[in-house]
Each structure stands twice: as structure tokens, then as C-alpha cells.
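> below are the sequence and a predicted model for it; my questions follow.
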Amino acid sequence: MAMDRQKLAELLATMALLLELAGENTFKVRAYQGAARAIGKSTEDLDELYRSGKLETIKGIGRAIARHIAEYAETGTIEEYRQLKSTVAPSLLELVKIPGLGPKKAMAVHAALGVDSIGELEYACRENRLIALNGFGEKTQQAVLRGIEYMKKFQGSLLLAEAWPLAERIAAYLLEQDGLTAARVAGAVRRRCPTVREIVIVVQADAAGLATLEGILTAMPGVEQVTSPETSCFQAVLSVGISLLVRVAALEDFPAALCLFTGNDQHVAELRRLAGEQEWTLADGRLVNADGKAVPLAAEEDIYRKLGLSYPEPELREGQGEIALAAQQRLPVLVQPGDLRGAFHMHTTYSDGTASLAAMGEAAATRGWSYIGITDHSRTAVYAGGLSLEQIRAQRQEIERLNANRPDCLILAGIESDILPDGSLDYPDDILAQFDFVIASVHSAFRQSEAEKTKRLKKAMQNRYVTMLGHPTGRILLAREEYPLDMTEIIQTAADTGTIIEINASPYRLDLDWTWCRVAREKGVLLSVNPDAHGVAELDSVIYGVAVARKGGLTAANLLNTRERPDMLTLLRRKR
């Protein structure tokens, strides 16, 4: 049986955590963390590397870990993992998931207070028991409480990148069943929300299809329980931890049902208000006129047209002014994935990427892009193999050679430079000036106050060599909240300095959030959909960044990387 790459990566990551909890040295812990990342991002055939004895050719895999991978290939497990797991209290593996705690503090709390669950830890915080512990204090206790609240808030959620393909698979599965003639994804997935609690599918079914639907859902892989609170509604719990809602509509009701179960509550309420102003009603999957007759609808667009509105794309249907714009025929023509001409923010084997410069350039050309911007980590990011001055020179020379041989896809030499706590960057200006562009990002000192963090980012943007601000709010979806930041002031500073703001398309970030994209657009700030790719496959993450841009009402003109090469280069260099 072929090795499961994702499961192996998760196993190695858990081993790193267990080693840390067991008090192993930092170097060994980091070795397993690095190996987990390397396996997760590698695109090579692991089974072939195992059979040929070449596992150590993967960057980050040493002899000992290669032996573990071989053991996994042969047995499906790793004995050292089993031994480690037996020596560490199971509750610690839960406690370390809390943002603001971490392995060392989790061990301290467990040892001092006997805390064995997240619930017990929350109670201990409410009773102020953490304050008295050595190395803690009131600020730490409050941070732990916030972390617990954050976990509660997003429990039972999936990333868009997980929920979107899952929803499409469910819709495709249902469409294959007898008696079901249409199945469309609706709800938060269709609106491209960054995280999703419930997958909504609207199906068109005849009487026979409706009669068998509960059995179809019960037999569907990944479904744990099915209920039917009403005749045309089925709810299920999925094994991935979120819920599934299936709404059934007849042929003539399908367009209205799809509309009603796509928009959020505010959007639907505004549609119903408009219908009411005409003495019409929009309910129960139908648009009914003042005479009580159902208005024929061939498609979802007809509902909006009948109400005097232009058609709002699903991503916009959040009750954030899109109905007013639709009434004025002023909805933007949203950017499409095919509008992208290139991308920035990607890492190679020079730092913590898994693909070479040449491989990334080849992959970009294959995607039809005419340029890419390489941004390996800067020297402060030791954990990610940040570039020394010698490596910067070597990379520049390699880029020049590659560009000479492949003029169809220009490779730009950039850097992701760390913004230090005082707002300065970790290379002097004379070094920054050597790059084609610079992305400035925060990777440390997250606990600064809102005023400190805002001042820090503003100072960085005032540097003439800072082209873009990377993942501006620092969030990790479902894991870490945005750090305190006055985003209104940050966006204004970007406008004043001509700094581009990144829409980081990593499914774990999607940062800038779509709500701030609208503010940036209104201020005239240029944005860029960047994959933050650490391997070839991750270049395709731009689709999620485009979803954010569309949800934020952005057109192709609002983005840097929809521009043809000459225009892009002019904009990229405008601050200098």
C-alpha cells in the first residue's frame, strides 16, 4: 500500500510535539518539525524514494528520520511514536492546541494544577489559579482564556480550501443518484467564506428522488447521522466535524431555493423587503406576485431582474451594500482567476521551499504566467533557512541565468524581509535596494499592543524599498486570531506611501480579509493576490486569494498581478 503523505507528515509533527513534551532537546524537536513540513510539501514519490533508498535526498530528512519513514512504509506506524505516546499524558496533546499556551506552559499547568482537559483549564483560569504559577501572571492567564474562547468559536469549522472541494464532491455524488436532477453548492461555500461551519446543497428532485434521499445520504461515505426535520430538508453530521444541510426543491422552485440558501440572512432579508415593496413575496422557494401567482423563473438571475436588480455574484451576498449597488446597476465586474498574469511571494529550496528556482519558474510558465516574484526568507528567519548575503548573491545570479534561457516567464528577485519589533527591516537599505521588490512581513513579537504593532507596520511601509506588506493581520485561520492592529490606519498609510497590500492566498491565512479589501479599494490601495507558495502545487492557492478578492468586490484593475509585464514593473518600482 502506498504511503499516505499527509498522515505521515501529521505523524512526524505529533512526534515533534511529543518529544518536546517529553523534554527532548530543541535540535531533535526541530528536526522532526522540519521533516513533517518537508514531507507535507514534497511532491516526490515517497514510495519510490523508499524503494531506491533515497529518502535522505528530501531536504530536511536525515538518516534517523529516513529510518522512521522506512518503518512507516513497511508497517504503517513508527514504534518510537507509540513509545512516546505512552509516556505523555493524553490531555497534554489537547492543551497544547490552545493559542497562547504552548508545550512548556501546558506541562507546567498540568504538573502544578493537575489540569487534564480544556474545560478544567478554563475553570482554573476563571479561579485565577494560573496567576500564581511561576512564569505565568495575569496577562498569560487572559491570553489562555482568549485562546480557549477562540477554540470554542471555531470548533466544528473547516477551512474554505477543505470545505469547497468536499461540497463539490457531495454535490457530484448526489447528482449521480436516480431521481435527483440537479445539485448545487450553496451557503457559505458558494459565498467563499474563509471558514465554513455547514455545507449547504440544494437539490432538484422528483417524488421518487425525495423518497429515497434520506437513504442516499445515510449510505454516503463520510456521513455519520441523518435527520429530516421537515419533508424537503435533510441534516447530517459529517465525519470531518461539520454539518451538512440538503434542501430539496421541485423543478420550478429550484432557482429561488438556490438564491435563498446562498445569500446570508441579511441579503435574503433585503431581497424579501424589495419583493414586499412590490406586494410580492419571496419564500418557500418561490417568487409570488401580487395576484398570488408564482413568477416563472428559469434561473437565479431572473429573481434579481424581476426585482429591478443587476445580478450580484454569490461571493458578494453578505448584506454589505450589494443590494443598493445592484439597484443602481453599479455592481463591480469581479476579478477572475484567468485574469492573473503572474504571482509574487513564493519560497524555494534557498530557504524553506521544496522546489528549486528552476522548478518554480517552469511551473509558472506551465500555468501561462508571464512573471513570478521569488521571496525567500530573510536572515532573521533562522528557523526557515533565511538567506545570508552570500546566498542572496548566488540566488540573483541563478535568476539571471534562468531569465536568459526562458524569456517567456520573467523571474523577479525579491525577499520576504522580517519587520523587526521597532519597525525596521532585517537588512539595511543598501541590501534591500538590490532586490527587484521587497515584501515586508511580521513573524515575531506578536504580543505587542495595538498601538505598538500599528506603529511598527507603518514605519516599515514608510521605507522606500518596501514594495508590499505581507499577511498584514498575522492571522492563522482556526488557529491564531489577528493581532491587535488599527487596520484603517494601516490602509491609509499604504495609500499615502504607495505600498501594495498582499492578499495572502494560503488557505490557512487568506489575509487581507475580504472586509478590509473593500476599504483598501475605496482608498485606492493596490493589492496583490500572492500564493505564499512553498512548493509547486501551492502556486494553485491563488484561486483562494481570488475568491477573497471577489468577495471584497475587487476588479482586475484593483490588483497588481493582473497587469501585463510592463505595467506591472512600473507599479512594482513606483516607490523607488
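That came through fine. Numbering: from 1, shown residues only.
> Leu282: what secondary structure?
The three-state label given to Leu282 by DSSP: H, G, I helix; E, B strand; the rest coil is strand.
> give the bridge partners for it, please.
Note on Leu282: beta-bridge partners by DSSP bridges are Leu287.
> does it touch Asp253 like I think?
No: under the criterion of C-beta atoms under 8 Å, Leu282 makes no contact with Asp253, lying 11.5 Å away. In this view, the C-beta of every residue, glycine as well, is placed from N, C-alpha and C.
> domains of the chain?
When the chain is parsed with automatic domain parsing, its domains come out as 5-154, 159-327, 337-572.
> quick check: mean pLDDT of the last one?
Spelled out, that is domain 337-572. For domain 337-572, the mean pLDDT works out to 96.
> and that domain, how far out from the chain middle?
15 Å (C-alpha atoms, centre = their mean, to the nearest Å).
> and for the shortest one?
Put simply, domain 5-154 sits 21 Å off its chain's centre (C-alpha atoms, centre = their mean).
> quick one: end-to-end distance for that domain.
Distance across domain 5-154, first residue to last, is 26 Å (C-alpha to C-alpha, to the nearest Å).
> same question for the second one.
Counting by C-alpha to C-alpha, the length from the leading to the trailing residue of domain 159-327 is 33 Å.
> coming back round to it: can you put the domains of the chain in TSV and add mean neighbour count?
Formatted as TSV, the domains of the chain follow (neighbours: other C-beta atoms under 10 Å):
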stretch	mean neighbour count
domain 5-154	16
domain 159-327	18
domain 337-572	20
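> can you pull the contacts of Thr262?
Ala186, Gly187, Arg190, Arg191, Val200, Glu300, Pro314, Arg317 (C-beta atoms under 8 Å, 6 or more residues apart in numbering).
> that one: what secondary structure?
The local conformation at Thr262, judged by three-state DSSP, is coil.
> repeat that for Val525.
coil.
> I'd assumed Ile491 was in contact with it.
Yes: in this structure, Val525 is within contact of Ile491 by C-beta under 8 Å, at 5.9 Å.
> quick check: neighbours shared by those two?
Contacts common to Val525 and Ile491, judged by C-beta under 8 Å, 6+ apart, are Ile501.
> Val223 reaches Ile242, doesn't it?
No: if you go by C-beta under 8 Å, Val223 and Ile242 don't touch, sitting 11.7 Å apart.
> mind listing the strands for the stretch 101-250 of the chain?
Ranges of strands in the stretch 101-250 of the chain, per DSSP state E, counting those that start in this stretch, are 158-159, 180-186, 195-196, 198-205, 223-230, 233-238, 243-249.
> confidence-wise, which of the ones you listed is weakest overall?
Here the lowest mean pLDDT among the strands of the stretch 101-250 of the chain goes to strand 223-230, at a mean of 87.
> export that strand as PDB, just CAs?
In PDB, the C-alpha atoms belonging to strand 223-230 read as follows (Å, rounded to 0.1, in the frame of the first residue of the first chain):
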ATOM      1  CA  VAL A 223     -21.800  10.800   6.900                       C
ATOM      2  CA  GLU A 224     -22.400   9.800  10.500                       C
ATOM      3  CA  GLN A 225     -26.100  10.600  11.100                       C
ATOM      4  CA  VAL A 226     -29.000  11.900   9.100                       C
ATOM      5  CA  THR A 227     -32.200  13.600  10.300                       C
ATOM      6  CA  SER A 228     -35.100  15.100   8.400                       C
ATOM      7  CA  PRO A 229     -36.800  17.900  10.400                       C
ATOM      8  CA  GLU A 230     -39.200  18.600   7.500                       C
END
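> the residue nearest to the spatial centre of the chain and Glu10: what is the separation?
By C-alpha atoms, centre = their mean, the mean C-alpha position of the chain lies nearest to Pro507, the distance being 2.0 Å. Distance, Pro507 to Glu10, using C-beta to C-beta, to the nearest Å: 16 Å.
> for Trp514, same thing?
Counting by C-beta to C-beta, the gap from Trp514 to Glu10 is 30 Å.
> try Tyr150
Counting by C-beta to C-beta, the gap from Tyr150 to Glu10 is 22 Å.
> also Ala73?
Ala73 is 16 Å from Glu10, where distance means C-beta to C-beta.
> equivalent analysis for Glu450, please.
35 Å.
> and what of Ser243?
24 Å.
> with Gln328 instead?
Gln328 sits at a distance of 50 Å from Glu10 (criterion: C-beta to C-beta).
> do the same with Leu485
From Leu485 over to Glu10 (counting by C-beta to C-beta), the distance is 32 Å.
> equivalent analysis for Ile419, please.
For Ile419, the distance to Glu10 - C-beta to C-beta - is 31 Å.
> again, but for Val88
16 Å.
> repeat that for Leu282.
46 Å.
> likewise Gly241?
Counting by C-beta to C-beta - Gly241 and Glu10 are separated by 16 Å.
> same question for Gln141.
Distance, Gln141 to Glu10, by C-beta to C-beta: 31 Å.
> and for Ala275?
In terms of C-beta to C-beta, Ala275 sits 49 Å off from Glu10.
> what of Gln462?
Distance from Gln462 to Glu10, by C-beta to C-beta: 42 Å.
> now swap in Leu572 and tell me
Taking C-beta to C-beta, one finds Leu572 at 38 Å from Glu10.
> and Leu316, what is it in contact with?
Counting by C-beta under 8 Å, 6+ apart, Leu316 touches Glu322, Leu331, Leu334, Arg550, Lys551, Gly553.
> looks like the last one contacts Val519 (just checking).
No: counting by C-beta under 8 Å, Gly553 does not reach Val519; the two are 10.6 Å apart.
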